[in-house]
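Participant: Okay, here's the prediction I keep looking at, along with the sequence it came from:
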Amino acid sequence: MKTSWMLIPAAAIAAMAFASPTMAADECELTIEGDDQMQFNKDEMSVPASCDEVTVTLKHTGEMDVSAMGHNWVLSDSDVYEDVAKDGMGKGLENDYLPEDDERVIAHTEVVGGGEETSVTFSTEGLEDRDLTFFCSFPGHYASMNGSFTVTKED
């Protein structure tokens with residue numbers, strides 16, 4: 001016996017589409033780019049609260065070496081991100097310009113140079129109601145390379 005899709009209610013078809021594991025995974029994976037002009041291509045990033053964890057991939061679209069124009073992606077609470085960046089300036093490239101084991105850092109990638117990419121996966125637990133900022137901790141970059149990160153509540 002042939003099954004006709006016409007007999008399945010439209011709401012059921014929509015529910016199947018939204019339950020797709022591929023679709024859910026895609027919204028939990030974000031990509032951001034940094035370039036040789038000391039800029040991210042986004043100033044806002046968000047994931048739905050249905051994501052238990054999120055993967056952020058940073059692509060350095062420039063050509064400059066990591067020691068001259070390296071970038072990373074760091075996440076912290078908005079009220080401390082500048083302090084984290086300043087405290088990390090003297091920690092060196094080998095520490096991704098971040099204070100070691102700093103509890104203010106929620107997640108971060110390594111610092112990469114032109115043509116390279118890196119990623120970080122982290123839990124979204126407890127992040128839903130927080131005011132968060134992502135930034136680059138390479139010395140001096142945090143002032144122009146930053147943006148808001150939100151875990152959006154579901155209706």
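Facilitator: Everything's here; your move.

Participant: Quick check: bridge partners of the residue nearest in space to the middle of the chain?
Facilitator: Central residue of the chain (C-alpha atoms, centre = their mean): residue 56, 3.8 Å from the mean position. Note on residue 56: beta-bridge partners by DSSP bridges are residue 30, residue 120.

Participant: contacting residues around it?
Facilitator: 30-32, 45, 73, 75, 107, 109, 119-121, 134 (C-beta atoms under 8 Å, 6 or more residues apart in numbering). Any C-beta I mention is one placed from the backbone N, CA and C, and that applies to glycine too.

Participant: what ranges do the helices span in the chain?
Facilitator: Using DSSP state H, the helices of the chain run over 10-18, 21-27, 66-69, 81-88.

Participant: Could you pull out the buried residues of the last one?
Facilitator: This means helix 81-88. Across helix 81-88, burial judged by 16 or more other C-beta atoms under 10 Å covers 81, 84-85, 87-88.

Participant: just those now: which is nearest residue 113?
Facilitator: Of all the buried residues of helix 81-88, residue 113 sits closest to residue 88, with 17.8 Å by C-beta to C-beta.

Participant: ok, that closest one touching residue 100?
Facilitator: No - taking contacts as C-beta atoms under 8 Å, residue 88 lies outside contact range of residue 100: 9.4 Å.

Participant: circling back to that earlier point, list just the nearest of the contacts of residue 56 to residue 67.
Facilitator: Lowest distance from residue 67 to those (C-beta to C-beta) belongs to residue 109, with 16.7 Å.

Participant: and that closest one, how many residues sit next to it?
Facilitator: Residues lying near residue 109 (other C-beta atoms under 10 Å) number 21.
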